[in-house]
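Trainee: all I have is the shape, not the residue letters:
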C-alpha cells in the first residue's frame, strides 16, 4: 500500500511539474511522435490530424481570423482592371468565440449590434434574452486535464469557410474547392495568436460575357491564416458624423426601450500610458503605448521604398495635432535573418504590398472589429501600373508648367513625389478617413498660382479629395513641386484630431460631449473643414478651386499649349506607347473639365442653399460656347493623331457623345430644379436658362456635323 502511495505521489508530482514548467498536460496522451507547437493554443500534429489544447482561461474570449494570399495562380481570364486575387490581399477579419457546453466546444459568431444604455432596465433584460451569438460549429471534447481542453481541429481548419477564401469568393473569382488537395503546410504559435500556412485548390468562377468565353481551370493558392486573441476590453466607441470617417452601425437601446442608430467611427487603438496622462492633458506630446507601424513589402522597386516610408510619415503632424508623437511610422519588412519571428500574414502588422499588375490603382482598406470599430490591421495594396496613370495625370495637369513632366522617363525624384501622393491618400483610408470631395473647393485662381499662399495652405484642405495636381498654373508660373500636388491639409489634421484625441472628461459620456462641442466650434471657425453634400457643385471629383470657369479655362489652355509643342512625333515604340497614353489623357481631361462647368447648370450649393448668380451663369455659358460649342480642332490635330496611330474618327465620335451627355444631364438637372422650385421669379429664370442650353446644344450639333 505504501508503494502505491509513493508511486501515485511521484506521478502527481510529475504531472504538477509538467504544468509548472509550461509543458502541455496532453503530451503523454497523444502518440510520442506527435509534433507540438507551443502558442496561444498548443497545437499537436499526429497521423495527419491536428489538435488544439485550449486553456480554460481562453474560453469566452473572442478571436479574429484573417486570410492573406501568399501566392496566387496565374489567371488566364484576369483583366487588367481586376483588383483582387494577388499576393498580399487580406480577407477578413472574421470573428469567433469558444465556449464549453455538454462535452462539446461551441465555436460561435459573437454579435455586437446592441449598446444597452441601462443594463438594469426591463427592455435591456428582454434584449439580452435574444441570442448574442450564432453557432458556427460544435466540436467534441476529446479530453480535459489540468485546466486544458483537447479538441481535433484540423478538419475544421481545412474545411470550414471561416479559415478559407470562400468569404471573398466573388472578389477572388473562385468557386468550388478541391478538398482532397488542401494541405496545412506549417504552424507557428505565439502567446496571442496562431499562424497557419495552407495550400488550397479552387476552380475559377466562370461568368462569361457574350462573345467572351471563360477558360475553366483549377488554381493552387497558398494562404496564411492568422487567428489572434482580441483584447478583453474594446476601445470606447466614438460617434461619427456620417461623413469624415468610415463607420459601423450600432444600435442603442435606451432605458425606456427606444432604439436609435449609432454610427461608430473606425479607428486604431492609440492609448496613453498612465504615467503620461497628466502630461497629455497639459498639451505635451506623448508617445502612444502601441504606435501604428506599417511594414513595406520588399518587392517594391528600391527607388520607391524610401518614398513609401515618407508617405506614411506625412500623417505624423496630424497625430501630433491630436497630442501624439511618433504615433505612425513605416519601415521595410524585416528579412528572416533580421527578424525570424516576423510574418507578413500576421495581420496585426499593417502591411503595404506591391502587386505586379496592369491595374492602374491602389487601395487602402479599413478592416475593423464589430465591438467598437477598432481597426485591427490592414494590407494597403499598390499595383505596379499605378505610375502609368499618375504620370499621365501629371503630364495633363502640370506638363505646361513643368518641362520634366514631358520627359518619356520621369526623373526618379519626380516619380517618388507623385507616388507619395497616392500612398498618403490610401494610408488615410486605412486610418479610417473617408473621401472628402469638398476639400479642393476653397482656393481662388490667384491663390493657386501664388507659391507663398500654397506654402501655408496647399492646393486644398484634404488629401482625401480626388484632386491631384495644380492645373491652374500657367507656363511661366514659379511654384515648387510640393505645391503642384495635393498635400495633407487642414481638414485631414482636424479629422485625425477629432477621431483620435482623448478629450477631457471623467467618463466616456463626458469625453464624447466635449468632443462634439469641440467639433461644432471648429466647424464654425474654419471654412476649410467643410464637407458638403455629395450633390453640391463644390463636391465634384477631380476638380480644383472655387471658380470652375476660370480654373478649368486655365486647364484647357494648358492642354492647348501642350498640343502646340513639338513633342508628338515619337521615334521608338516606347516613346509612342508613352505619348499615346498621355495624348488620350489630354482628351479625358478636356471632357472632365467641361463636365465640372456643365454641373453649374441646374446645380445647387446645398451647404448654402442657393444656385449660381445670374452673372456666374453667364460665365458658364460663355465657357461652353468657347470650349464645347466651338469644336476644339487643335485637340484632334490630324498630324498628332497620325504620328501616334490614334483613330481620329473614333476619338471625335466619343468626344461628341461625351459633350452631348453633358448637355442632356444639364437639361435634366434644370428641369428637376424648375419642378422643385416655388419661387416664380426663380422658375422663370430656370426656364430661360433651359431654353438657352437647348439652343446651345443645337448649335453644337450643327457645328459638329461636318467636323
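Mentor: Perfect, thanks for sending it. None of these values were measured; they are calculated from a predicted model.
Trainee: give me the contact list for stretch 407-414.
Mentor: For stretch 407-414, contacts defined as C-beta atoms under 8 Å, 6 or more residues apart in numbering pick out 303, 391, 394, 404, 405, 418, 481, 574, 575, 578, 579. Using the backbone N, CA and C atoms, a C-beta is placed for each residue, glycine as well.
Trainee: so the closest residue to residue 392 other than its chain neighbours, which of the three states?
Mentor: Once flanking residues are discounted, residue 392 sits nearest to residue 585: 3.8 Å by C-beta to C-beta, 6 or more residues apart in numbering. At residue 585 the chain is in helix, as set by DSSP: H, G, I helix; E, B strand; the rest coil.
Trainee: quick one: contacts for residue 585?
Mentor: With C-beta under 8 Å, 6+ apart as the criterion, the residues that contact residue 585 are 392, 393, 395, 396.
Trainee: helices or strands up against the host helix or strand of the third one?
Mentor: This points to residue 395. In the assignment (DSSP states H and E), residue 395 maps to helix 386-398. In terms of contacts (3 or more C-beta pairs under 8 Å, 6 or more residues apart in numbering; DSSP states H and E), helix 386-398 is packed against helix 412-430, helix 548-564, helix 573-598.
Trainee: buried residues in the longest one?
Mentor: This means helix 573-598. Buried positions in helix 573-598, judged by neighbour count with 16 or more other C-beta atoms under 10 Å: 578-583, 585-587, 589-590, 592-598.
Trainee: by contact count, what packs against the next helix or strand after it?
Mentor: For helix 573-598, the following helix or strand on the C-terminal side (DSSP H and E) is helix 614-624. Where contact means 3+ C-beta pairs under 8 Å, 6+ apart, helix 614-624 is packed against helix 548-564, helix 573-598, helix 680-705.
Trainee: okay, those helices in CSV with distance to residue 323 and mean pLDDT next?
Mentor: Output for these, formatted as CSV (distance: least, C-beta to C-beta, whole Å; pLDDT from 0 to 100):
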stretch, distance to residue 323, mean pLDDT
helix 548-564, 37, 99
helix 573-598, 38, 98
helix 680-705, 49, 95
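Trainee: go through these and name the closest to residue 634.
Mentor: helix 548-564 (5.4 Å; C-beta to C-beta).
Trainee: which neighbouring elements make contact with that closest one?
Mentor: Taking 3+ C-beta pairs under 8 Å, 6+ apart as the contact cut, helix 548-564 packs with helix 386-398, helix 445-448, helix 573-598, helix 614-624.
Trainee: save those helices as JSON lines, and put in distance to residue 650 too.
Mentor: Output for the helices and strands packed on helix 548-564, formatted as JSON lines (distance: least, C-beta to C-beta, whole Å):
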{"stretch": "helix 386-398", "distance to residue 650": "19"}
{"stretch": "helix 445-448", "distance to residue 650": "34"}
{"stretch": "helix 573-598", "distance to residue 650": "11"}
{"stretch": "helix 614-624", "distance to residue 650": "24"}
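Trainee: start to end distance for stretch 99-112?
Mentor: 17 Å (C-alpha to C-alpha, to the nearest Å).
Trainee: for it, which outside residues touch it?
Mentor: 54, 59-60, 62, 95-98, 131-141, 149, 151, 156, 250, 370-371.
Trainee: ok, back up a step: so which of the contacts of residue 585 wins on neighbours?
Mentor: Neighbour counts for the contacts of residue 585, by other C-beta atoms under 10 Å, peak at residue 396, which reaches 28 neighbours.
Trainee: who are the contact partners of it?
Mentor: Residue 396 makes contacts with 471, 559, 562, 582, 585, 586, 588, 589, as judged by C-beta under 8 Å, 6+ apart.
Trainee: same question for residue 335.
Mentor: The contact partners of residue 335, taken as C-beta under 8 Å, 6+ apart, are residue 298.
Trainee: quick one: the helices in the stretch 251-400 of the chain, in order.
Mentor: 277-281, 302-313, 316-321, 386-398 (DSSP state H, counting those that start in this stretch).
Trainee: for the last one, what is the average pLDDT?
Mentor: Confidence over helix 386-398 (mean pLDDT, whole number) is 98.
Trainee: read off the pLDDT value for residue 475.
Mentor: 97.
Trainee: my guess is it contacts residue 403, does it?
Mentor: No. Counting by C-beta atoms under 8 Å, residue 403 is not a contact partner of residue 475; they are 9.8 Å apart.
Trainee: between these two, tell me which one has more neighbours.
Mentor: Shown here are residue 475 and residue 403; by other C-beta under 10 Å, residue 475 has more neighbours (13 against 10).
Trainee: got the contact list for the more buried one?
Mentor: 400, 401, 558, 561.
Trainee: which two in these are spaced the farthest apart?
Mentor: Maximum pairwise distance among the contacts of residue 475 (C-beta to C-beta): 9.3 Å, between 401 and 561.
Trainee: higher neighbour count, the two?
Mentor: Counted by other C-beta under 10 Å, residue 401 and residue 561 do not tie: residue 401 has more neighbours, with 22 against 14.
Trainee: give the contact list for the more buried one.
Mentor: Residue 401 makes contacts with 473, 474, 475, 476, 477, 479, 484, 558, as judged by C-beta under 8 Å, 6+ apart.
Trainee: which of the residues you listed lies closest to residue 275?
Mentor: Among the contacts of residue 401, residue 484 lies closest to residue 275 (C-beta to C-beta), at 44.7 Å.
Trainee: the closest residue to that closest one other than its chain neighbours and residue 405, how far apart?
Mentor: Sequence neighbours aside, residue 470 is the residue nearest to residue 484 in space, at 4.8 Å (criterion: C-beta to C-beta, 6+ apart). Residue 470 is 12 Å from residue 405, where distance means C-beta to C-beta, to the nearest Å.
Trainee: between the two, which one's more packed in?
Mentor: Neighbours per residue, other C-beta under 10 Å: of residue 470 and residue 405, the larger number sits with residue 470, 27 against 24.
Trainee: next one: phi and psi at the more buried one?
Mentor: Backbone dihedrals for residue 470, given as degrees, to the nearest 10, come out at phi -90, psi 90.
Trainee: quick check: it touching residue 479?
Mentor: Yes. Assessed by C-beta under 8 Å, residue 470 is found in contact with residue 479 at 6.7 Å.
Trainee: show me where the stretch 1-150 of the chain has helices.
Mentor: For the stretch 1-150 of the chain, applying DSSP H, counting those that start in this stretch gives helices covering 2-20, 122-129.
Trainee: rank those helices by mean pLDDT and give me the bottom one.
Mentor: When I compare the helices of the stretch 1-150 of the chain, helix 2-20 is least confident, with a mean of 37.
Trainee: point out where the protein drops to low pLDDT.
Mentor: The chain contains residues with pLDDT under 70 at 1-23, 76-81, 114-131, 207-213, 254-257.
Trainee: domain ranges for it?
Mentor: In terms of domains, the chain is parsed into 36-110+130-230, 292-706 (source: the TED database).
Trainee: mind putting the ones you listed into a markdown table with distance to residue 239?
Mentor: Formatted as a markdown table, the domains of the chain follow (distance: least, C-beta to C-beta, whole Å):
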| stretch | distance to residue 239 |
| --- | --- |
| domain 36-110+130-230 | 22 |
| domain 292-706 | 7 |
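Trainee: nearest to residue 240, of the ones you listed?
Mentor: That would be domain 292-706 among those, by C-beta to C-beta, at 8.6 Å.
Trainee: how far off centre is that closest one?
Mentor: Taking C-alpha atoms, centre = their mean, to the nearest Å, one finds the center of domain 292-706 at 16 Å from the center of the full chain.
Trainee: buried residues in the lengthiest helix in the chain?
Mentor: The single longest helix within the chain, with elements called by DSSP state H, is helix 648-676. Across helix 648-676, burial judged by 16+ other C-beta under 10 Å covers 651-652, 655-656, 658-659, 662-663, 666-667, 669-670, 673-674.
Trainee: and that helix, what does it pack against?
Mentor: Under the contact criterion of 3+ C-beta pairs under 8 Å, 6+ apart, helix 648-676 touches helix 573-598, helix 638-644, helix 680-705.
Trainee: at 6 Å what do you get?
Mentor: If contacts are counted by 3 or more C-beta pairs under 6 Å, 6 or more residues apart in numbering; DSSP states H and E, helix 648-676 sits against helix 573-598, helix 680-705.
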